[in-house]
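S.K.: Provided below are the primary sequence and the corresponding predicted coordinates.
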Amino acid sequence: MAIYDATMSEATLGHMHARVDNCSIERTLAVVGEKWTLLVLREAFNGVRRFADMQASTGAPRQVLSARLTRLVEEGILRKVPYREPGQRRRDEYRLTQMGLDLYPTMMALMQWGDRYLADPDGPPVLITHRGCGALVEQHFRCADGHEVAGPREVTPIPGPGLAVSEPARAGSAAG
């Protein structure tokens, strides 16, 4: 296994045909990359906190929703907060943690992509506006020096300190 070192260059990274063993995208998708999970997060961002309300708004089967909520709590994306309605047993609400709140730009990016390419002919079902002035919210990328980055052709991936790659299998060599 090749491990990142300071001698790896942009050209090296760009021409590697090895599998990145610790890909941040793959790790993120292992936690949130499933339809029901993303719909639960959508509801949490919309202020829905209770199981029955989430089930009604997502249409998720009870067992599926329970499993997704449990996983999101285990991963630290949601936290349980107990509540009790008068005359009822104690139940839990689900609230976003800081880790969960940090998924907001990702959720907005997915929504804006869907609005652009998959919306009904009448337009998107929901518009996101700035509470302070009412203008539509737009998502932008900037580099650390403040320059706007318009898209993937304006970025260069370089090896990070945690890069770990597997060497590609060679023809005729034993796997193991």
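M.R.: The structure has been received and is ready for your questions. Quick caveat, the model's predicted, so the values are computed rather than measured.
S.K.: Which helix or strand contains Met111?
M.R.: helix 104-117 (DSSP states H and E).
S.K.: All the helices of this protein, residue numbers only.
M.R.: Ranges of helices within the chain are 10-15, 24-32, 35-45, 51-58, 62-74, 98-101, 104-117, based on DSSP state H.
S.K.: could you dump those helices to JSON lines with mean pLDDT and mean neighbour count?
M.R.: Every residue, glycine included, has its C-beta placed from N, CA and C. Putting those into JSON lines (pLDDT from 0 to 100; neighbours: other CB atoms under 10 Å) gives the following:
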{"stretch": "helix 10-15", "mean pLDDT": "51", "mean neighbour count": "11"}
{"stretch": "helix 24-32", "mean pLDDT": "94", "mean neighbour count": "12"}
{"stretch": "helix 35-45", "mean pLDDT": "97", "mean neighbour count": "19"}
{"stretch": "helix 51-58", "mean pLDDT": "97", "mean neighbour count": "16"}
{"stretch": "helix 62-74", "mean pLDDT": "98", "mean neighbour count": "16"}
{"stretch": "helix 98-101", "mean pLDDT": "98", "mean neighbour count": "14"}
{"stretch": "helix 104-117", "mean pLDDT": "96", "mean neighbour count": "13"}
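S.K.: Adding distance to Gly162 as columns, could you present those in TSV?
M.R.: Listed next are these as TSV, based on distance: least, CB to CB, whole Å:
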stretch	distance to Gly162
helix 10-15	13
helix 24-32	9
helix 35-45	25
helix 51-58	35
helix 62-74	23
helix 98-101	19
helix 104-117	20
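S.K.: closest one to Gly123 among those helices?
M.R.: Using CB to CB as the measure, helix 104-117 is the one of the helices of the chain that comes nearest Gly123, at 7.8 Å.
S.K.: what does the closest one contact?
M.R.: Contact partners of helix 104-117, identified using CB atoms under 8 Å, 6 or more residues apart in numbering, comprise Val32, Leu38, Leu41, Arg42, Phe45, Gly123, Pro124, Val126, Ile128, Val137, Gln139.
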